[in-house]
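[1] model this:
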Amino acid sequence: MVCPGRWSTLLLLFCVVVLAGCGGPWRDRYLDKGVKKLTQDDIAEKFGPPSTAKTPVLGGDTVWTYRVPMGDREVHPWDPGSLTAGKKTKAPPSPSPFGKSLAGNDEPYREPLYCYRYTLSFDEAKLLKDWKREECVPRASEDENASQ
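    Got it, this is the predicted structure:
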């Protein structure tokens with residue numbers, strides 16, 4: 001017979017595993033699962049054509065780059081600060097020009113968007129070899145913004 005305490009522990013563990021798999025941008029999960037499986041055609045079908053594509057003439061890895069706008073809610077879905085960001089009555093100062101309202105503070109708050117660069121490497125068989133995501137232009141840290 002299994003005791004009730006053991007069931008609650010197993011249920012909690014299951015929930016943590018499921019929630020951990022749901023975090024972060026969908027592109028990250030898609031690419032993580034597709035390393036050594038996805039082809040260039042698979043990725044082009046899902047993401048569209050790359051922003052840049054470099055194929056070496058003498059053989060070697062092909063490198064594709066995608067530039068993607070994303071907000072904090074997509075990048076950090078479990079951050080409590082990003083979950084409450086849109087509920088303020090007055091728009092907070094935005095570190096990004098994409099998030100600023102052209103109509104001023106009368107317009108509802110819109111989440112700032114940031115540019116992220118996905119760099120994908122493919123082997124000579126056109127299979128995804130590895131990938132990385134980084135900011136197109138690194139944001140200034142909170143400490144740097146406060147000192148200005």
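[2] quick one, phi psi at the closest residue to residue 61 other than its chain neighbours?
    Leaving aside its sequence neighbours, residue 61 sits nearest to residue 121 (CB to CB, 6 or more residues apart in numbering; 4.7 Å). C-beta here means a position set from N, CA and C on the backbone, and glycine is covered the same way. For residue 121, the backbone dihedrals are phi -110, psi 140 (criterion: degrees, to the nearest 10).
[3] What segments of the chain are strands?
    Remark: strands assigned in the chain by DSSP state E are 52-54, 62-71, 113-122, 128-135.
[4] ok, now how distant is residue 48 from residue 67?
    11 Å (CB to CB, to the nearest Å).
[5] ok so, going back, tell me which of the strands of the chain sits most buried.
    Highest mean neighbour count among those (mean count of other CB atoms under 10 Å): strand 113-122, with a mean of 18.
[6] Each with direction, which strands does that one pair with?
    Neighbouring strands of strand 113-122 in its sheet, by DSSP bridges, are strand 62-71 (antiparallel), strand 128-135 (antiparallel).
[7] and of those strands, who's closest to residue 24?
    Residue 24 lies closest, by CB to CB, to one member of those: strand 128-135, at 9.3 Å.
[8] residues in contact with the closest one?
    25, 27-28, 31, 34-39, 43, 61, 114-123 (CB atoms under 8 Å, 6 or more residues apart in numbering).
[9] what residues are up against the closest residue to residue 136 other than its chain neighbours?
    Computed as CB to CB, 6+ apart, the closest residue to residue 136 that is not its neighbour in sequence is residue 115, at 3.6 Å. Applying CB under 8 Å, 6+ apart, one finds that residue 115 lies in contact with 67-69, 135-137.
[10] on that earlier part again, what bridges to the residue nearest to residue 61?
    Beta-bridge partners, per DSSP bridges, of residue 121: residue 63, residue 130.
[11] List the contacts of it.
    By CB under 8 Å, 6+ apart, the neighbours of residue 121 are 61-63, 128-131.
[12] So which of the residues you listed is the closest to residue 73?
    residue 131 (22.0 Å).
[13] quick one: the closest one and residue 51, what's the gap?
    According to CB to CB, residue 131 and residue 51 sit 14 Å apart.
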